[in-house]
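S.K.: please find the sequence and the predicted model below.
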Amino acid sequence: MEAKNNLSLLPLSTLTEIISYLDISDIYCSLILVNREFYKTIQSSNHISKTLFENFLGRKLSANWNIDGKLIIEGLKLAFRTREKNVLLPFYGFRGNCGCDDDKFEYLFDKVFEPRETRDPVCTRIGEDFEIEGVLSHNFGRENKMMESLTNSLNQMNSPMSSTFKDMLLSLGIRNFQHLFHMIFIQLPEFNQNNDFQEQLQKYQQDKDVFDKYLQLNTDKYNIEINGNPIQNTLSIIERCEINRGGEYLTCPVKTIMAFASVNEAIGIHNPIVSMFNGCKTTADLQRILYENKNFLPRINRTNVKSLEQATNYYEEGGEEEESIEYVTFSSNGNNEDVIPLFWIRFYGDNLKKYSLDLRDSNFSARYVVLKLIDCENLMEKFGDDHGATNIDLQCCSFYGQMLHLDL
């Protein structure tokens with residue numbers, strides 16, 4: 001039976017009001033399958049598309065976004081269809097108040113969102129309650145691209161030295177390998193013909209020079225900001241977070257960690273909502289903060305903390321792995337604050353090195369994220385570390401989900 005074109009007779013404000021009571025699954029699993037005119041109508045209006053998107057996010061988009069409604073709709077459809085095939089989200093750490101251990105560039109926070117097993121962990125200066133802000137960025141994975149370019153070039157060379165350099169590169173990484181580059185250029189002169197790698201190396205060296213100059217000129221070694229090179233008019237839907245706190249020489253692995261997100265503006269490493277959780281090392285601390293600020297903090301979505309069972313949408317009994325952690329994930333829906341917490345997690349002991357946090361039912365979106373490193377597991381005595389005080393070490397904290405491009 002042909003659907004009547006009654007929707008086109010409704011004022012836009014009325015249709016938008018109707019849609020505001022629906023969620024994405026109602027629309028894409030039910031309504032558009034039985035009413036073509038409804039589908040055409042919501043695709044043709046940026047205002048309606050924006051309303052749908054904001055309903056999904058539970059947050060308002062600022063007027064600064066240049067939005068194409070059709071792209072939002074298609075992007076959300078894709079996100080729902082491919083939830084099991086989420087991609088690594090390209091966040092890049094562009095500023096932090098944690099400095100880096102021993103003022104070494106290889107310990108800087110810029111690559112904290114990139115998955116790594118052993119090379120170049122993030123190691124802070126002495127202290128607690130550190131924050132690292134990331135943005136969706138073209139800089140993401142730059143060192144991996146450099147590694148790939150260099151190893152491909154070395155593979156194409158027949159010199160016995162190329163194999164030696166390749167093995168050293170793979171074990172040390174780009175940041176620790178810089179002092180060997182001049183040896184490559186001297187002993188493998190044909191390597192100078194790799195223009196792509198030379199260009200990437202030059203950009204990388206510029207960043208390192210800026211970092212070195214910053215440390216020389218500033219007495220404050222904690223607050224550092226570098227070029228973020230953000231991707232414009234793009235958001236992410238966060239569906240999973242992978243935390244890796246392992247590493248052979250990490251004597252102060254992170255113990256308690258939080259994450260926050262924003263869709264409109266940079267968060268800042270001294271944001272009041274982020275700072276609100278300073279010293280939040282226990283579930284008792286967390287309960288107190290949530291209760292005192294319940295009017296503008298979002299509801300808990302999922303937790304394995306027994307004492308929070310009545311305050312959450314989903315309570316999960318702890319399995320064997322969960323016995324080593326306590327966690328809380330928040331919900332984004334129903335809260336119009338731009339900056340919201342994503343999760344709080346606390347590890348117990350050093351047995352659990354990695355953990356994957358499922359965030360699919362929280363509907364998190366972000367252009368900016370902040371990691372809050374609250375405290376560490378002190379393993380200094382165990383590993384014979386003779387430093388006078390603890391810092392915080394983290395291999396990586398990577399986000400996975402979908403990318404949404406909001407304009408043409």
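M.R.: Here it is on my side, so go on. Bear in mind that the values here come from a model prediction, so they are computed numbers and not experimental data. Numbers count the residues shown, from 1 in each chain.
S.K.: all contacts plus neighbour counts: C-alpha atoms, from now on.
M.R.: OK.
S.K.: in this protein, which spans are helices?
M.R.: 12-19, 24-26, 32-34, 36-44, 46-57, 69-81, 142-155, 160-172, 174-187, 195-217, 272-275, 283-292, 380-383 (DSSP state H).
S.K.: lowest-pLDDT helix or strand in this protein?
M.R.: helix 32-34 (a mean of 60; mean pLDDT, DSSP states H and E).
S.K.: please identify the buried residues of stretch 203-223?
M.R.: 204, 208, 211, 214-215, 221-223 (16 or more other Cα atoms under 10 Å).
S.K.: now stretch 140-152
M.R.: Within stretch 140-152, judged by 16+ other Cα under 10 Å, the buried ones are 140-141, 143, 146-147, 149-151.
S.K.: break this protein down into its structural domains.
M.R.: Under automatic domain parsing, the residue ranges defining each domain of the chain are 7-68, 85-138+227-405, 142-217.
S.K.: export these to CSV and tack on distance to residue 74?
M.R.: Formatted as CSV, the domains of the chain follow (distance: least, Cα to Cα, whole Å):
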stretch, distance to residue 74
domain 7-68, 9
domain 85-138+227-405, 9
domain 142-217, 29
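S.K.: deepest-packed of those, please.
M.R.: domain 85-138+227-405 (a mean of 19; mean count of other Cα atoms under 10 Å).
S.K.: kindly check the end-to-end length of that one for me.
M.R.: Criterion Cα to Cα, to the nearest Å; first-to-last residue distance in domain 85-138+227-405 is 18 Å.
S.K.: so how far is that domain off the chain centroid?
M.R.: Its chain's C-alpha centre and that of domain 85-138+227-405 lie 8 Å apart, by Cα atoms, centre = their mean, to the nearest Å.
S.K.: mean confidence score for it?
M.R.: The pLDDT scores in domain 85-138+227-405 average 90.
S.K.: what of stretch 167-179?
M.R.: 68.
S.K.: now render the buried residues of stretch 203-223 as TSV, adding pLDDT.
M.R.: TSV is the format used below for the buried residues of stretch 203-223 (pLDDT from 0 to 100):
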residue	pLDDT
204	70
208	76
211	77
214	77
215	78
221	89
222	93
223	93
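S.K.: which member of these is positioned nearest residue 238?
M.R.: Nearest to residue 238 among these is residue 223, at 27.1 Å by Cα to Cα.
S.K.: apart from its neighbours in sequence, what residue is nearest that closest one?
M.R.: The shortest distance from residue 223 to any non-neighbouring residue, by Cα to Cα, 6 or more residues apart in numbering, is to residue 97 (4.2 Å).
S.K.: which residues touch that neighbour?
M.R.: For residue 97, the contact set (Cα atoms under 8 Å, 6 or more residues apart in numbering) comprises 130-132, 222-224, 269.
S.K.: make it 6 Å
M.R.: Neighbour list for residue 97: 130-131, 222-223 [criterion: Cα atoms under 6 Å, 6 or more residues apart in numbering].
S.K.: nearest to residue 373, out of the buried residues of stretch 140-152: which one, please.
M.R.: Within the buried residues of stretch 140-152, the smallest distance to residue 373 is 21.0 Å, found for residue 140 (Cα to Cα).
S.K.: how far away is the closest one from residue 244?
M.R.: 18 Å.
S.K.: residue 296 too?
M.R.: On the measure of Cα to Cα, residue 296 and residue 244 end up 31 Å apart.
S.K.: repeat that for residue 153.
M.R.: Distance from residue 153 to residue 244, by Cα to Cα: 31 Å.
S.K.: kindly report the same for residue 46.
M.R.: For residue 46, the distance to residue 244 - Cα to Cα - is 40 Å.
S.K.: now residue 52
M.R.: To residue 244, residue 52 is 35 Å away according to Cα to Cα.
S.K.: likewise residue 234?
M.R.: For residue 234 relative to residue 244 (Cα to Cα), the value is 26 Å.
S.K.: might you report the residue contacts of the residue lying closest to residue 100 once chain neighbours are set aside?
M.R.: Excluding its sequence neighbours, the residue lying closest to residue 100 (Cα to Cα, 6+ apart) is residue 124, at 4.4 Å. By Cα under 6 Å, 6+ apart, the contact set of residue 124 is 98-101, 391-392.
S.K.: next up, phi/psi of residue 387, please.
M.R.: The phi/psi pair for residue 387 (degrees, to the nearest 10) reads phi -60, psi 150.
S.K.: what's the answer for residue 232, then?
M.R.: Residue torsions, per degrees, to the nearest 10, at residue 232 are phi -80, psi 150.
S.K.: quick one: it from residue 403, how far?
M.R.: In terms of Cα to Cα, residue 232 sits 12 Å off from residue 403.
S.K.: same deal with residue 220?
M.R.: From residue 220 over to residue 403 (counting by Cα to Cα), the distance is 36 Å.
S.K.: what does residue 74 give?
M.R.: 12 Å.
S.K.: swap in residue 279?
M.R.: In this view, residue 279 and residue 403 are 33 Å apart by Cα to Cα.
S.K.: ok, residue 239 - contacts?
M.R.: Shown in contact with residue 239 (Cα under 6 Å, 6+ apart): 359-360, 400-401.
S.K.: dump these into TSV; add distance to residue 248 as well.
M.R.: As requested, the contacts of residue 239 are exported to TSV (distance: Cα to Cα, whole Å):
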residue	distance to residue 248
359	29
360	32
400	25
401	29
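S.K.: closest to residue 157 among the residues you listed?
M.R.: Distances from residue 157 to the contacts of residue 239, taken by Cα to Cα, are shortest for residue 400, at 36.5 Å.
S.K.: which one is the closest one nearest to, not counting chain neighbours?
M.R.: Nearest non-adjacent residue to residue 400 (Cα to Cα, 6+ apart): residue 88, at 4.5 Å.
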